[in-house]
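Visitor: Here is my input; please provide its structure:
(2 chains)
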Number of protein chains: 2
Amino acid sequence: MERPTIRDIANVAGVSPSAVSFALNDRPGVSDSTRQRILAVANEMGWTPNAAARALSVSRAGTVGLVLARPSQSVAAERFFFELIIGMQATLATADLALLFQIVDDVDQEVAAYRSLWRQHRVDGAVVVDPRQHDPRLPVLAQIGMPYVLVGEEDPNGMPSVTGDEEGMMALVVNHLASRGARRLAYVSARTSLLHTERRSQALTRMGREHDLEVMLSSAVDYTERSGAQATAELLSGNRQPDSIIYDNEVLALGGVTVARELGARLGEDLAVVSMEDSPLCRLLTPAVSAVHREPAVLGSLAAQLLVERLDGRPARSVQAPTPELVARASSTLSRLPVRA
Amino acid sequence: MERPTIRDIANVAGVSPSAVSFALNDRPGVSDSTRQRILAVANEMGWTPNAAARALSVSRAGTVGLVLARPSQSVAAERFFFELIIGMQATLATADLALLFQIVDDVDQEVAAYRSLWRQHRVDGAVVVDPRQHDPRLPVLAQIGMPYVLVGEEDPNGMPSVTGDEEGMMALVVNHLASRGARRLAYVSARTSLLHTERRSQALTRMGREHDLEVMLSSAVDYTERSGAQATAELLSGNRQPDSIIYDNEVLALGGVTVARELGARLGEDLAVVSMEDSPLCRLLTPAVSAVHREPAVLGSLAAQLLVERLDGRPARSVQAPTPELVARASSTLSRLPVRA
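Guide: This is a model prediction of the structure:
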């Protein structure tokens, strides 16, 4: 069946195209009985409003954007984003919104993508992830006036946001490691300007001072296995080796665990390892890797819900994401260290 | 900056809106010098064609659909689809096409999604995956006339396709296992009507007859760890236990390996395990699991390329996906079986 046009419906109903247009757009110009006959014919022919035409008349594209600024290879390795997308699209579908997904190389391209998608009326709004220090995206989004939901931080423009609890997540990990006797904690994150890294680093440094723990901050080049391995090799060949390494995600942890084993570290005995992101990888590594577990699909669904509300004209609100848990596994036992009272 | 309208441009350029329309749409009605002035003003104001308006005039949505009929949980566990999406969107971006992504529960909802996306002019075409026996989607797609690319099989409607080599993939696995001394091969796939499962089962049965190997076909409920575990427990508690189990993907293999170990099977010694899909999971399992390795991103990119060609009016063509390799790991050594000459 071809898409029926107004002319097709007019032919079948035996009326003029303008009568069909009046009837379908609920405007005066046809009698009630004619209107009902036309609607019945249109319905029978499978007519639905043309989204493009509707977009022009009511300024709705029926689509929400998600643009990720990451090298593709690094994105694919992380379950986080795919689960986020799955959660988003499930909620968007209930509001009859489609998800438009794009991966770009860097944040400048991400800004260009927002400008282009908005100018071309291809999206009604977006979900913006990975808040950064001095985030160059937010002033642009405010300027072009595109509605969005920020995932990770409160939004300075007053848009809705889903906030996390980076300090609380780091406290979970530090308290766990300290209770196992850890004294020298290293935190391996990627050399980015992501705000969550900064918050976690600051929280770790503050907790280290409070609890009299030694803290080392290590910047891997990016979120890849190779970079995790390299940062770990540097830490383990230094003068003061850490007894615990906290990895910013499971991809860095995978590279780190592999090289630590090669270098002869006894994982779970004299070197503890914890990932700030959980995935089946953590469970399958030997030893199994302790990890902070959260549900990216829930984050995605929450973000989509806030955007739907915003597009419906309801007031912007900020929601705190559910508090994650620490799943303790063999990698953070530290059986050879004396546990402090 | 708000999106400039034709009226905005007309105000700044000091001409009538219709003159702007003539100029922007490259139609007669304005002088060359006026046209150039209008274009300069429009350009300066950041004007780009409105995708919705363009969709109406040239019937292009600028968007390509991918609808997956799977329970969300099962999709998230498989790297395959995320990597396919990443490959698709990279190629679509070069043609200025966006990717619209949707997950639905079953194939009936998938058909309904195609009908709705097409009627509403939300997509120009789609990439269709998971070809089925008596596939209910293909007659509908032919009927509504939506362009698409079929991934996995030649398309009966003459649309472009990316074909795989299921028989060749199964031959890789069977030859490998036979060379290690395997005699009784089980194939665990999910109880679906997916065509690739059928092709692989037939190839295994045929090769079993030719090489005098015993073959058992096992249908798991779905593509989840739990179902892989259950199917494996049944196989290993039967009267005639297999010496080799071939899993249709890494999620089934993960469940299978876990339960086989619990049941006391010596993996890689008297029970070989191979996955028809590779992922970091396979590498990290103990023992590491041999797997057929392919690059879903390459498949996605190929499919997107064929669709772009089709939308450009070029003739449909069918391309064979690159032949996968078998990555042999410890799980298929079968060190306790006598290797046949």
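Visitor: Can you name the next helix or strand after the lowest-mean-pLDDT helix or strand in chain A?
Guide: In chain A, the helix or strand scored least confidently by mean pLDDT, DSSP states H and E is helix A:51-58, which has a mean of 48. Per DSSP states H and E, the first helix or strand lying C-terminal to helix A:51-58 is strand A:63-69.
Visitor: Quickly check: that following strand near chain B or not.
Guide: Yes - Strand A:63-69 reaches chain B (Cβ under 8 Å from any Cβ of the partner chain) through residue A:63. All C-beta spots, glycine's among them, are computed from the backbone N, C-alpha and C.
Visitor: What is that strand packed up against?
Guide: With contacts defined as 3 or more Cβ pairs under 8 Å, 6 or more residues apart in numbering or on different chains; DSSP states H and E, strand A:63-69 has these neighbours: helix A:79-94, strand A:98-104, helix A:107-119, strand A:125-128.
Visitor: Buried ones in the longest one, by neighbour count?
Guide: Of the residues in helix A:79-94, those buried by neighbour count under the rule 16 or more other Cβ atoms under 10 Å in any protein chain shown are A:79-93.
Visitor: for the record, mean pLDDT for the helix or strand hosting residue A:143?
Guide: Following DSSP H and E, one finds residue A:143 within helix A:137-144. Helix A:137-144 shows a mean pLDDT of 95.
Visitor: Now do that helix: distance to the chain's middle.
Guide: Centroid separation for helix A:137-144 versus its chain: 19 Å, with Cα atoms, centre = their mean, to the nearest Å.
Visitor: ok, now stretch A:215-226?
Guide: The answer for stretch A:215-226 is 20 Å, by Cα atoms, centre = their mean.
Visitor: what does that stretch rub up against?
Guide: A:70-71, A:73-74, A:77-78, A:184-192, A:201, A:204-205, A:208, A:227-228, A:230-231, A:234-235, A:240, A:242, A:248-249, A:251-252, A:254-255, A:258 (Cβ atoms under 8 Å, 6 or more residues apart in numbering or on different chains).
Visitor: again, 6 Å this time
Guide: Contacts to stretch A:215-226, defined as Cβ atoms under 6 Å, 6 or more residues apart in numbering or on different chains, come from residues A:74, A:185-188, A:190-191, A:201, A:204-205, A:208, A:227-228, A:231, A:235, A:242, A:251-252, A:254-255.
Visitor: Check stretch A:107-116 too.
Guide: A:67, A:69, A:102, A:104, A:137, A:140.
Visitor: how about it: buried residues?
Guide: A:107, A:110, A:111, A:113, A:114, A:115.
Visitor: quick one: which of these is nearest chain B?
Guide: Using Cβ to the nearest Cβ, residue A:115 is the member of the buried residues of stretch A:107-116 that lies nearest chain B, at 7.8 Å.
Visitor: phi, psi of residue A:185?
Guide: Phi and psi for residue A:185, reported as degrees, to the nearest 10, are phi -100, psi 130.
Visitor: OK, contacts around it?
Guide: Contacts of residue A:185 (Cβ under 6 Å, 6+ apart): A:213, A:215, A:244.
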